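In: Task: produce atomic coordinates for the following.
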Amino acid sequence: MIKADHVFICFGLGRSGHHAIMYWLRSHYPIEDVGYVQRVRIKKGNIRQQITIDRFLRRTKLFSKIFLNLESAPLLFTSDVLYSPKWETFNVIILRDLFNSLPSWFASNKEPETYNMNQLNKGASNYALMWKEYAHELLGNTNNLRNKILIKFNNWFKSEKYRSSISNILKLKPLYDTVNTLANRDIGSSFDGDNYHDCAQQMKVLERWKHHIPFCKKHIDNEVIDLSKQIFGTEFVEQIITSKEWNQSTD
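Out: Residues are numbered from 1 along each chain as shown. Next up, the predicted model:
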């Protein structure tokens, strides 16, 4: 019998900081109560993957809180396996602004002497498309998932008040000492590695846009700019797109 009373399905794009938020969410509970499944692979309409999810849940049957990491997964994925009157299911959507997440993605994928720029551009285009899918869901323009917890990485990183509001939504006691810990020292940051373990808030994660600008500008169109303003604020976006660095960078 599965012991879970809460299942958290966490949606986040690669290199978007969602591992840190998942770590923070899990830290609300005693470690012995938490089961975590890393990188659950999902494809649209793949019934076999739904069966695999069921096996994951049974594998973590000793835990009352189960976290599933659906990294870069389409939001249209649904599985009745994950919904049951026996437990409460939360769909957690984590979104970081594309100006900062795309440079991190690029830095983690661009290997010296082995990378292919055509492949990187194709990957970045797909990344931007999925970012838009997440953005529309976060804004309520689409409603593909039920019982959603919406988390803006930028706000979560900067504001203790914002983090406390998420804890309150989940009816949990706010945390004040875990946000500075990197989620996984084997992953760390695309730019800093694990050099900021236990002091993660010192990282310049909201200034990554200053790197790889010519490449990233190709994949940030007017729709991204408009969605970004709605989600993260006009002032934040305008500071970037009107900056000297952004406008003087060329291929």
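
In: show me where the stretch 51-200 of the chain has helices.
Out: If you assign secondary structure with DSSP state H, counting those that start in this stretch, the helices in the stretch 51-200 of the chain sit at 98-109, 117-139, 153-158, 160-169.

In: out of these, deepest packed?
Out: helix 98-109 (a mean of 23; mean count of other Cβ atoms under 10 Å). Placement of C-beta: from N, CA and C, glycine included.

In: Give me the pLDDT for Ser228.
Out: pLDDT recorded at Ser228 is 98.

In: Toward the C-terminus, what is the element adjacent to the strand or helix carrying it?
Out: Per DSSP states H and E, Ser228 falls inside helix 222-232. Helices and strands here follow DSSP H and E; after helix 222-232, the next one along the chain is helix 234-241.

In: coming back round to it: residues touching the helix holding Ser228, excluding its own?
Out: Outside of helix 222-232, the residues that reach it under the criterion Cβ atoms under 8 Å, 6 or more residues apart in numbering are 95, 97-99, 128, 131-132, 135-136, 138-139, 152, 154-155, 236-238, 241.

In: Return that helix as CSV; C-alpha atoms alone will do.
Out: In CSV, the C-alpha atoms belonging to helix 222-232 read as follows (Å, rounded to 0.1, in the frame of the first residue of the first chain):
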residue,chain,number,x,y,z
ASN,A,222,8.3,40.0,-28.7
GLU,A,223,6.1,37.3,-27.2
VAL,A,224,8.8,36.4,-24.6
ILE,A,225,9.2,40.1,-23.8
ASP,A,226,5.5,40.6,-23.3
LEU,A,227,5.0,37.5,-21.2
SER,A,228,8.1,38.4,-19.2
LYS,A,229,6.7,41.9,-18.4
GLN,A,230,3.5,40.4,-17.2
ILE,A,231,5.2,37.9,-15.0
PHE,A,232,8.3,39.6,-13.7
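
In: Buried by neighbour count: which residues of it qualify?
Out: Neighbour counts over helix 222-232 (16 or more other Cβ atoms under 10 Å) mark 224-225, 227-228, 231-232 as buried.
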